[in-house]
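In: I'd like to go over a predicted model; first the sequence, then the structure.
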Amino acid sequence: MILVRKRPPLYLIGVAEPFPDVSGENFDDLVAIGGDLSVERILNAYSIGLFPWFVAYRMPHWYSPRTRMILEPSNFRASKSLTRTINGGRFEIKTDCAFKETMIACAKIKRKREKDTWITSEFIESYCELHKLGHTHSVEAWQDGELAGGLYGLQIGRVFFGESMFAYKSDASKVALAFLSREQPFGKIDMIDCQVSSSHLASLGGVEISREAYLKRLSRTLSS
């Protein structure tokens, strides 16, 4: 079953139905509702410019923001204080050592304007399955043997799709992002997809681009 409305359209999709082509119509940020969080569905979504954000009544909500924030690794910007923290070795950086724990920490962290987390048990289960298959990754900042901060996301080709970050200690998530940008531990990265704009990411070098520009760049990067 497909529910279509005009200006902007919104699709209700079944488990076997494909996503709409977001490049062809004037969609709102929320493009479709339904389907599932299977490995195949999630990988397909990212490859065409969509990502799941929230599950309501067991129905995933799929987004493609009209304005997207991206970060080119070469444009990562560290303040003087952050540079001192990075160079001072306050945190030990590890990758993929605590993927599930990083997701859970991201789910528990309190954020402004968010009453509940979108990282539900369904998301954790699906992304952990993707992790077992080598698609999702975590960058972790450790201090005194404890997880102090980090981030997780999914990499396809030379695009890292950042999902969420957390910090129990000041600058821990920023150090993790700096490591991802500079060391690129999961393969060469041309673009980090930050999804939704924030002043925090903008201060680190993130820039906003239109959906059209993002889709063109995504297609070019994944096909090269």
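Out: Cool, got the structure.
In: Test my guess that Phe91 contacts Ala172.
Out: Yes - applying Cβ atoms under 8 Å, one finds Phe91 in contact with Ala172, separated by 6.0 Å. Where you see a C-beta, it was placed from the backbone N, CA and C, and this is true even at glycine.
In: Need the residues touching each of these two.
Out: Overlap of the contact sets of Phe91 and Ala172 (by Cβ atoms under 8 Å, 6 or more residues apart in numbering) consists of 141, 143, 148-149.
In: Now for Tyr127: which residues touch it?
Out: Contacts of Tyr127 by Cβ under 8 Å, 6+ apart are 42, 103, 136, 152, 154, 163.
In: try it again with 6 Å
Out: Contacts for Tyr127 were tallied using Cβ atoms under 6 Å, 6 or more residues apart in numbering; they are Thr136.
In: where's it relative to Arg90, distance?
Out: In this structure, Tyr127 and Arg90 are 28 Å apart, going by Cβ to Cβ, to the nearest Å.
In: what's Ile13 in contact with, if anything?
Out: Contact partners of Ile13, counting by Cβ under 6 Å, 6+ apart, are 32, 34-35.
In: Ramachandran coordinates for it?
Out: Main-chain torsions, Ile13, degrees, to the nearest 10: phi -110, psi 150.
In: quick one: it and Cys194, what's the gap?
Out: Separation of Ile13 from Cys194 (Cβ to Cβ) stands at 26 Å.
In: ok, now Leu10?
Out: Taken as Cβ to Cβ, the span from Leu10 to Cys194 is 24 Å.
In: who's more crowded, those two?
Out: More crowded of Leu10 and Cys194, by other Cβ atoms under 10 Å: Cys194, with 26 against 15.
In: And that one, which helix or strand is it part of?
Out: Cys194 belongs to strand 191-195 when assigned by DSSP states H and E.
In: Parallel or antiparallel, list what pairs with that strand.
Out: Using DSSP bridges, strand 191-195 pairs in its sheet with strand 67-71 (antiparallel), strand 159-167 (parallel).
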